[in-house]
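Peer 1: Provided below are the primary sequence and the corresponding predicted coordinates.
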Amino acid sequence: MFDGIARRVVSVWFPRLASDRVLRLRPVDGPFAVTLKEANAERIHCLNATAERQGLSRGMSFADARAFCPELQTRPADPAAEAQFLTVLRRWAVRYCPWVGVEGGDGLVMDVTGSAHLFGGEAAMLSDMRQRLSRAGITARIGLGDGRGAAWALARFGEGVAAPGAALEALAEVPVAGLRLEMDTVAALHRLGLSRIGALDAAARAPLARRFGPDLLLRLDQALGRQPESVAPLPDPPHYGVRMTLPEPIGLTADVMAGAARLLDRLCERLVAREEGARRLALSLRRVDQDSRTVELRLARPLRDPGRILPLFERAVGEVDAGYGIDMLRLEAVEVEPLPVRQVSHVSSGRGDRLDDLITRIGTRIGLENIRRYLPADSHVPERAFIVSPAAWSEPGGGWTALRPRPIRLFPPEPIAGEGPRPPDRFRWRRMQLATERATGPERIAPEWWLEDEAWRRGMRDYWLVETRQGRRLWLFHTPQAPGWFVQGEFA
Amino acid sequence: MSADLFTSFPLRRTRVHEVSGPSAAGFAAMAGAGTETVFWIRESWRPEVLNPVGLSEFLDPARLLVAEVSDQTEGLAVMEEALRDGSVPFVVIETSQPLGLTPGRRLQLAAKAGQSVGLCLIPEGMGSNAAETRWHCSPVFDRAAAASDSTLQRWDLTKNKSGTLGTWHVRWDRTSRRVRVVSPARE
């Protein structure tokens, strides 16, 4: 019976992914290993063939390994970079077929059904893969089978090709660990004497299902091609970059802005489709002399309205030195944030939008973090009763209450001469001779002991509002635990 | 009795004004009390900071934006941009050096283009000729007021391009959130 095209799956395993990644950047002669800190002990995470020949193995503690092999060179592992490297390899593998998925942390799975003939058959395709990977310095084991299970088993155990419809023949001598089973299941199967896939297949199914559950048989059937299993390709991350190449170089600001406007229209269409807004944009202008200039724009709010973004580029584009002319423009949204569609109402004025644009424009001049707003905070300590946060990343917050009068200006405490718990009658502050006319207080504020604060080392403070005969209204405090008088603020 | 304060106090729109004296920040807070957004430009090296908790008596700190600039030139550029844009009706800058005639004039033109009000907090005696009005504000000890409740100030209008000069004693009215003129107490 004909049941469509036979599915063919390639599984690629990179047994030395972590060490290969490091060695590609910095080749090392001799034994080399990548170590990973696990449960407070450095252990060998991945090692090269030379190190393996010296008797080292994965999972060995680093101290032992160094005792075995004093000339061992190591690097700390970087799991994030390894994942990134695997993603790069996945993108490379798309040259063989469009369906490429990632398998675990160190493998790829590719559904090559119907694409092998493009490379001159399966054998030619596999040798092409091996050649390219070994030229890149990456160790790889490749298995090819009718299904994901068979390819996986062949890649990890034995490296070979299972002919179409003949998975059992190819896998009969492969250990049961090639079935992607739990470790304890594998051990139990060994105890039963079922150490090979062929032997397992020959055993009666019902007792196996009763003893090990349906999972074992599902894996077996998947490996032997009786149960289908699909390859899920990873989605490509959305790409927010557009470019324009020009036949003739341009140099006028108006021309560059016109080009940027076209790019921006295209970019914003993509942003609209995904309901995202750009937070940071980079416009690269490549000049005829191969030099390039990048104009960066950081926005106070995520935006995707070309009409609003374009004028914000004007100032920075005007400052770019065009040299002999610009022949390529590239616009990329470097940072994007979700920006759901909002209901437009007639109540909201455009004032907030205009203010955001102003913040963006001033932000290009002084840095977006330097435009700040105050948010209330829950603390009695005057310096911590408010939070200063960048206006571009916060919303205005209400709920300001002053239970007692507070100065409108605060400064670092300035010591004055004074003794005793009551404010001095006369004191000098900032070269001024002041006389206390009325003092209101004290208001005792204790330090927040759960926070480390250098300024509050002197212990609690008794605050006084001192009105002087000269007019000035000052905020003084006395520290009874380490006697001293300070001025910390001034009232309106 | 001098002229009416309220011909010149809600600071004339589309112009840039100047204020000096110990209570200059209080004057700025009172002048910005009714406006939608206040944009306050200060140099980042200055040790004294605004205390929004204290300011909340005059204006809502939620409507306050603070720009920290590295020097006065940058601050003036930011101020010009903010005034010209018109989306912030009230822009305050703290200056530390005297303002030349050209920058002062540029600020006036920007304020005219953006229909906004600018206010420079200047050190004593460093006024610019381009300013529309110049004020000097100092606190006054208020014997009559209840303790810890006095906001009595003496405002001297020392320069006014379109009006008369004058001296007033004013007090901040917390409930109605506006300035009230009081007659000075006699000794």
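Peer 2: That came through fine.

Peer 1: CA atoms for contacts and neighbours, from now on please.
Peer 2: OK.

Peer 1: against B:Leu59, how distant is A:Asp78?
Peer 2: The spacing between A:Asp78 and B:Leu59, counted by Cα to Cα, to the nearest Å, is 52 Å.

Peer 1: the two: which is more packed in?
Peer 2: Between A:Asp78 and B:Leu59, counting by other Cα atoms under 10 Å in any protein chain shown, B:Leu59 is the more crowded of the two (22 against 13).

Peer 1: which residues does the more buried one contact?
Peer 2: B:Ala29, B:Met30, B:Gly32, B:Ala33, B:Gly34 (Cα atoms under 8 Å, 6 or more residues apart in numbering or on different chains).

Peer 1: which residue ranges of chain B form helices?
Peer 2: Secondary structure of chain B by DSSP state H: the helices cover B:24-31, B:52-55, B:72-85, B:101-114.

Peer 1: out of the ones you listed, deepest packed?
Peer 2: helix B:52-55 (a mean of 26; mean count of other Cα atoms under 10 Å in any protein chain shown).

Peer 1: do that helix and chain A meet?
Peer 2: Yes. Helix B:52-55 reaches chain A (Cα under 8 Å from any Cα of the partner chain) through B:Pro52, B:Val53, B:Gly54, B:Leu55.

Peer 1: what number of residues lie near the nearest residue to B:Thr133 once chain neighbours are set aside?
Peer 2: Distances taken as Cα to Cα, 6 or more residues apart in numbering or on different chains put B:Asn160 closest to B:Thr133, at 4.4 Å, once the chain neighbours are dropped. A count of nearby residues for B:Asn160, using other Cα under 10 Å, gives 16.

Peer 1: so which residues on the stretch 201-350 of chain A come close to chain B?
Peer 2: Listed as neighbours of chain B in the stretch 201-350 of chain A under the rule Cα under 8 Å from any Cα: no residues.

Peer 1: tell me where the stretch 201-350 of chain A has helices.
Peer 2: Using DSSP state H, counting those that start in this stretch, the helices assigned to the stretch 201-350 of chain A run over residues A:205-212, A:214-223, A:253-273, A:306-318.

Peer 1: what angle separates the first one from helix A:214-223?
Peer 2: Orientation note: helix A:205-212 sits at an angle of 130 degrees relative to helix A:214-223 (axes from the mean of the first three to the mean of the last three Cα atoms, to 10 degrees).

Peer 1: which element, helix or strand, includes A:Glu414?
Peer 2: Using DSSP states H and E, A:Glu414 sits in strand A:409-416.

Peer 1: just checking: what are the partner strands of that strand?
Peer 2: Strand pairing for strand A:409-416, using DSSP bridges, gives strand A:485-490 (antiparallel), strand B:49-50 (antiparallel).

Peer 1: mind listing what's buried in it?
Peer 2: Neighbour-count burial for strand A:409-416 flags A:Arg409, A:Leu410, A:Phe411, A:Pro415, A:Ile416 (criterion: 16 or more other Cα atoms under 10 Å in any protein chain shown).

Peer 1: stretch B:123-133 now?
Peer 2: Those would be B:Pro123, B:Met126, B:Gly127, B:Ser128, B:Asn129, B:Ala130, B:Ala131, B:Glu132, B:Thr133, for stretch B:123-133 by 16+ other Cα under 10 Å.

Peer 1: what sits against the residue lying closest to B:Pro22 once chain neighbours are set aside?
Peer 2: Leaving aside its sequence neighbours, B:Pro22 sits nearest to B:Ser138 (Cα to Cα, 6+ apart; 5.3 Å). Listed by Cα under 8 Å, 6+ apart, the contact partners of B:Ser138 are A:Gly471, A:Arg472, B:Gly21, B:Pro22, B:Ser23, B:Ala24, B:Gln153, B:Arg154, B:Trp155.

Peer 1: how does it look with 10 Å?
Peer 2: A:470-472, A:492, B:20-24, B:26-27, B:152-156, B:169 (Cα atoms under 10 Å, 6 or more residues apart in numbering or on different chains).

Peer 1: partner residues bridging it?
Peer 2: B:Arg154.

Peer 1: residue of the stretch 151-300 of chain A closest to chain B, please.
Peer 2: For the stretch 151-300 of chain A, the residue closest to chain B is A:Ala300, as judged by Cα to the nearest Cα, at 13.0 Å.

Peer 1: please name the nearest non-neighbouring residue to that residue.
Peer 2: In space, A:Ala300 is closest to A:Ala392, 4.4 Å off (Cα to Cα, 6+ apart).

Peer 1: so that neighbour: helix, strand or coil?
Peer 2: Put simply, A:Ala392 is helix when judged by DSSP: H, G, I helix; E, B strand; the rest coil.

Peer 1: any idea how far it lies from chain B?
Peer 2: Using Cα to the nearest Cα, to the nearest Å, A:Ala392 is found at 11 Å from chain B.

Peer 1: now do the contacts for that residue.
Peer 2: Applying Cα under 10 Å, 6+ apart, the residues contacting A:Ala392 are A:279, A:298-302, A:356, A:359-360, A:363, A:368-373.

Peer 1: out of the residues you listed, which end up buried?
Peer 2: Buried, going by 16+ other Cα under 10 Å: A:279, A:298-302, A:356, A:359-360, A:363, A:368, A:370-373, out of those.

Peer 1: what about the strands in chain B?
Peer 2: Counting by DSSP state E, chain B has strands at residues B:16-20, B:38-43, B:49-50, B:64-69, B:90-94, B:117-121, B:133-139, B:153-160, B:166-173, B:178-182.

Peer 1: point out where chain B drops to low pLDDT.
Peer 2: Across chain B, the ranges flagged by pLDDT under 70 are B:1-2, B:145-149, B:184-187.

Peer 1: nearest the middle, which residue of it would you pick?
Peer 2: Ranked by distance to the mean C-alpha position of chain B (Cα atoms, centre = their mean), the top residue is B:Ala28 at 3.1 Å.

Peer 1: give the contact list for the residue nearest to B:Thr133.
Peer 2: Contact analysis of B:Asn160 by Cα under 10 Å, 6+ apart lists B:Ser8, B:His17, B:Ala131, B:Glu132, B:Thr133, B:Arg134, B:Trp135, B:Gly166.

Peer 1: could you measure from the fourth one over to B:Thr37?
Peer 2: Summarising the geometry, the distance separating B:Glu132 from B:Thr37, computed by Cα to Cα, is 22 Å.
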